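Visitor: take a look and give me a structure for this.
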Amino acid sequence: MEHVRTLLDRVILTVCCGLFITMVMAASWQVISRYALNSPSTISEAFLRFSLVWMSMIAIAYVAGLREHVSLTLFIDKLDGLWKVMLEISIEILFIFFAVFVMIYGGTQAAYNTMSQIYPMLGIPKGVLYMSLPVSGSIIVIYCLMNCQQILQDSYSFRSQS
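Guide: Next up is the predicted model:
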């Protein structure tokens, strides 16, 4: 399972870094074309908006996979043993429910409903933008399942050492 996590991490980091580099180049071209050539690029701003949404959604999935998301650790830090494991698993299950029902189901519906609308500057369906929701939701579910397995594995190895 650790091999799958490492592979998924590398793919996500490569995609995010590639998108970021492309966004920097597009923003630089926007500035050059606007001020140096006095003819602003029409698609770079739309591309940047589109890319920012995709990169943000994929990065959110990555951070959720690392369990570095914003959370209140007040209760988890005070617990130990079985209660701590149960609370950590419960948090992961809540993430899974949110990802499945809001991101995957809702995102798929939004993408399906907007596939006939064309993004004017880029000439692609708006549904492609909304597909970032089910893609990142699916990644979150995969990461949460791996996190649950890791939590259970860590608690089992801790109990067997005691």
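Visitor: what about residue 140, how many neighbours?
Guide: Using other C-beta atoms under 10 Å, residue 140 has 27 other residues around it. Every C-beta, even on glycine, is put in place using the N, C-alpha and C of the backbone.
Visitor: list the contacts of whichever strand or helix holds residue 89.
Guide: Here residue 89 sits within helix 82-98, counting by DSSP states H and E. Helix 82-98 has contacts (C-beta atoms under 8 Å, 6 or more residues apart in numbering) with 64, 71, 75-76, 79, 140-141, 144-145, 147-148, 151-152, 155.
Visitor: packing partners for the helix or strand just after that helix?
Guide: Counting by DSSP H and E, the next helix or strand C-terminal to helix 82-98 is helix 107-114. Contacts defined by 3 or more C-beta pairs under 8 Å, 6 or more residues apart in numbering; DSSP states H and E place helix 107-114 against helix 127-130, helix 132-161.
Visitor: pull out the buried positions in the longest one.
Guide: In this case it means helix 132-161. Neighbour counts using 16 or more other C-beta atoms under 10 Å place 132-144, 146-148, 150-151, 155 of helix 132-161 among the buried residues.
Visitor: same deal with stretch 21-38?
Guide: Neighbour-count burial for stretch 21-38 flags 23, 26, 30 (criterion: 16+ other C-beta under 10 Å).
Visitor: among those residues, name the least confidently predicted one.
Guide: Scanning the buried residues of stretch 21-38 for pLDDT, the smallest score is found at residue 30, 88.
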